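Colleague: Next comes the sequence, and after it the predicted model I'd like to discuss.
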Amino acid sequence: MRLTPHARTLAAAIIVSTVVRLILAARLPITDDEAYYYLWARHLAWGYPDHPPMIAAVVAVSARLFGTAPFGLRVVPILCAAATALVTYLAARSLFDREVALRGTLIHLAMPAMAIGTAFAFPDVPLSLFWVLALWTGWRALATGGGWWLAAGAAVGLALLSKLTGFAFVLGLVGAWASGEWRRALRDPWLYAGGLVACALVAPVVLWNVRHDWALVTLTLNREPWLLDRSIPENLALFVVGQVGYYGFLVPFLVGAGIVALQRWSQPAWRYLAWMTLPLLIVMLAAAFDGRAKPHWPGPAYLSAAIALGALWPGWAAARPRLLWAAAGLTVFVSAALFVIALFGWGSLAPRAGIDRWDLVAAAIDQHLARQPDQTLVLTDTYQAASLLSYHLRTRVPVTSTHRAFAFWQDREAWSGRTALYVDEVQSAHKANTAGMCPRMRAVDEMPLSPWRTVRFHRCEGVRFP
């Protein structure tokens, strides 16, 4: 069967973007968050203090099928990213037509966070897939009812299992249903069946949180701002810059497409896209006032906005061709530049310099433990350092952290009284007070981690955990 030019363009875009991600996955070392999620994958549960369990399950499957090297941990997430582009096309085609669907998918693939960020095993990757899957099935359910409500319920439940941002989709779906002719769905028994499917998927996570003092909810609501000691204008400026860095110079047009969707409220497809775009953007903008919103958090809203922009593109390109095409070109350039930097020049940059050295730190720890066999535990302050050391040391020696997350899968009380090797990240922003944990501690060695960070090793006798 011969593919049409339209289908060839779509297939080529998805294949090329997937190959780009696979190249990056093979080239780049494991990041601290990926090592953290790999720890989760080794201790599967229905919940964790930071996120719901989907990323742990995805990484566990990827590790089982493709190995525990960084590339192996990333293969299944990369396949999820390829599926996200295809489902985006299906959703846009249902809302509009195939031409809009192709443009919306290409916009989706051009955004740096989607083109490059999905090469890593991060929770946003499965969230994006299940968001657009819910976007597609939710629209079909509202339009035709029946069994589509089961598919929509499953997609919404899986999005909620991926990240708490999935609740924004629930808000949008309820808002869309309540604000139009779709209220007739109350007479469709499949609506309630779909709701039961979503609740059944989420129920184990709720039960886990009940049993663990609502750890996920507590951490989310009490999360410290990631931008400290800055004014509101500075926070907003950094948030806007972050949006451009993550989603390219098309961001103003994506936001504008969401606003146009609101202006076309009387048309069901546009009303639906307005609900799936603007509430999340508004919430994240409000959270940016005190520096709480991280740049990648509004990502799902831009997936919906990409479809709206795909529909508006011909008219906007005719009115402002240079401006729109320049923004599109710069967005592609940012993604391409990030790819080139990651592939050829990352070694000189701070993130890679810090991450790459942890294998050497692990080797130095092995040497220390060989000389001091009574040291049977590695202790550090941050979850990032503990996760990377645990990844590189594998199971040769237990690694723990003062970070409370480790207490969910480790019986740290059983290690009380041991002699530990305390790994101190000098200049760590999250340094804990270890005096109470290490009553007898003395420095034994140090090594550089990056040009501006040093790791120091301490002998910690009689370790105890609060």
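Modeller: That came through fine.
Colleague: mind checking pLDDT for the residue nearest the centre of the chain?
Modeller: For the chain, the residue nearest the mean C-alpha position is D124 (2.7 Å; C-alpha atoms, centre = their mean). Note on D124: pLDDT of 97.
Colleague: From Q375, how far out is it?
Modeller: 38 Å (C-beta to C-beta, to the nearest Å). (Each C-beta comes from the backbone N, C-alpha and C, glycine too.)
Colleague: Equivalent analysis for A293, please.
Modeller: In terms of C-beta to C-beta, A293 sits 42 Å off from Q375.
Colleague: what's the answer for R357, then?
Modeller: 21 Å.
Colleague: Those two: which has the busier surroundings?
Modeller: Q375 (22 against 19; other C-beta atoms under 10 Å).
Colleague: Just to check, the more buried one is in contact with F457?
Modeller: No: at 9.8 Å, Q375 and F457 do not qualify as touching, with contact defined as C-beta atoms under 8 Å.
Colleague: Give the intersection of the neighbour lists for those two.
Modeller: Counting by C-beta atoms under 8 Å, 6 or more residues apart in numbering, the contacts common to Q375 and F457 are 368, 421.
Colleague: can you list the residues that contact whatever helix or strand A364 lives in?
Modeller: For A364, the element it lies in under DSSP states H and E is helix 358-371. For helix 358-371, contacts defined as C-beta under 8 Å, 6+ apart pick out 29, 375, 378, 385, 388-389, 391-393, 396-397, 421, 423, 444-445, 447, 449, 455, 457.
Colleague: one more time with 6 Å
Modeller: Applying C-beta atoms under 6 Å, 6 or more residues apart in numbering, the contact partners of helix 358-371 are 375, 388-389, 392-393, 421, 447, 455.
Colleague: For the residue nearest to the centre of the chain, give me its contacts.
Modeller: Taking C-beta under 6 Å, 6+ apart as the contact definition, D124 lies against G299.
Colleague: Quick check: it vs S304, distance?
Modeller: 15 Å.
Colleague: again, but for A113
Modeller: For A113 relative to S304 (C-beta to C-beta), the value is 14 Å.
Colleague: and what of R74?
Modeller: 26 Å.
Colleague: Can you give me the buried ones in stretch 386-400?
Modeller: 386-393, 397-400 (16 or more other C-beta atoms under 10 Å).
Colleague: swap in stretch 187-206?
Modeller: Applying 16+ other C-beta under 10 Å to stretch 187-206 flags 188, 190-191, 194-195, 197-198, 201-202, 205-206 as buried.
Colleague: Among these, which pair sits farthest apart?
Modeller: D188 and V205 (26.9 Å; C-beta to C-beta).
Colleague: tell me the contacts of A342?
Modeller: L24.
Colleague: so what's it scoring on pLDDT?
Modeller: 85.
Colleague: go on, G347?
Modeller: Reported pLDDT for G347: 52.
Colleague: So which residues of the stretch 151-300 of the chain form helices?
Modeller: 167-178, 189-211, 215-221, 232-247, 251-263, 268-288, 299-319 (DSSP state H, counting those that start in this stretch).
Colleague: Buried residues, stretch 363-374. List them.
Modeller: For stretch 363-374, by 16+ other C-beta under 10 Å, it's 364-365, 368-369.
Colleague: possible to save these as TSV with pLDDT and distance to F239?
Modeller: Converted to TSV, the buried residues of stretch 363-374 look like this (pLDDT from 0 to 100; distance: C-beta to C-beta, whole Å):
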residue	pLDDT	distance to F239
A364	92	39
I365	92	39
H368	89	43
L369	88	44
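Colleague: and the residue nearest to T68 when sequence neighbours are not counted, what helix or strand is that in?
Modeller: Sequence neighbours aside, Y38 is the residue nearest to T68 in space, at 7.2 Å (criterion: C-beta to C-beta, 6 or more residues apart in numbering). Taking DSSP H and E as the definition, Y38 sits inside helix 32-42.
Colleague: Can you give the contact residues for that helix?
Modeller: 48, 55-56, 59-60, 121, 383-384, 387-388, 390-391.
Colleague: one more time with 8 Å, if that's ok
Modeller: Against helix 32-42 from outside (C-beta under 8 Å, 6+ apart): 30, 48, 53, 55-57, 59-60, 63, 68, 70, 73-74, 120-123, 355, 383-385, 387-388, 390-391, 409.
Colleague: continuing past that helix, what's the next helix or strand?
Modeller: helix 54-66.
Colleague: Okay, now the unreliable bits of the stretch 1-150 of the chain?
Modeller: Along the stretch 1-150 of the chain, segments meeting pLDDT under 70 span 1.
Colleague: 80 instead, please
Modeller: 1-3 (pLDDT under 80).
Colleague: Now find how far off-centre the host helix or strand of R322 is within its chain.
Modeller: Element membership of R322 [criterion: DSSP H and E] is helix 321-340. In this view, helix 321-340 has its centroid 23 Å away from the chain centroid, taken as C-alpha atoms, centre = their mean, to the nearest Å.
Colleague: Next, the angle helix 251-263 makes with it.
Modeller: Here helix 321-340 runs at an angle of 120 degrees relative to helix 251-263 (axes from the mean of the first three to the mean of the last three C-alpha atoms, to 10 degrees).
Colleague: Put the alpha carbons of helix 321-340 into PDB.
Modeller: Provided in PDB are the C-alpha atoms of helix 321-340 (Å, rounded to 0.1, in the frame of the first residue of the first chain):
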ATOM      1  CA  PRO A 321       3.700  35.500   7.500                       C
ATOM      2  CA  ARG A 322       7.200  36.800   8.500                       C
ATOM      3  CA  LEU A 323       6.400  37.000  12.200                       C
ATOM      4  CA  LEU A 324       4.800  33.500  12.400                       C
ATOM      5  CA  TRP A 325       7.300  31.700  10.300                       C
ATOM      6  CA  ALA A 326      10.200  33.400  12.100                       C
ATOM      7  CA  ALA A 327       8.800  32.200  15.400                       C
ATOM      8  CA  ALA A 328       8.400  28.700  14.000                       C
ATOM      9  CA  GLY A 329      12.000  28.800  12.600                       C
ATOM     10  CA  LEU A 330      13.400  30.000  15.900                       C
ATOM     11  CA  THR A 331      11.600  27.200  17.700                       C
ATOM     12  CA  VAL A 332      13.100  24.600  15.400                       C
ATOM     13  CA  PHE A 333      16.500  26.200  15.800                       C
ATOM     14  CA  VAL A 334      16.300  26.100  19.600                       C
ATOM     15  CA  SER A 335      15.400  22.300  19.400                       C
ATOM     16  CA  ALA A 336      18.200  21.700  16.900                       C
ATOM     17  CA  ALA A 337      20.700  23.700  19.000                       C
ATOM     18  CA  LEU A 338      19.900  21.800  22.100                       C
ATOM     19  CA  PHE A 339      20.400  18.500  20.200                       C
ATOM     20  CA  VAL A 340      23.800  19.600  18.900                       C
END
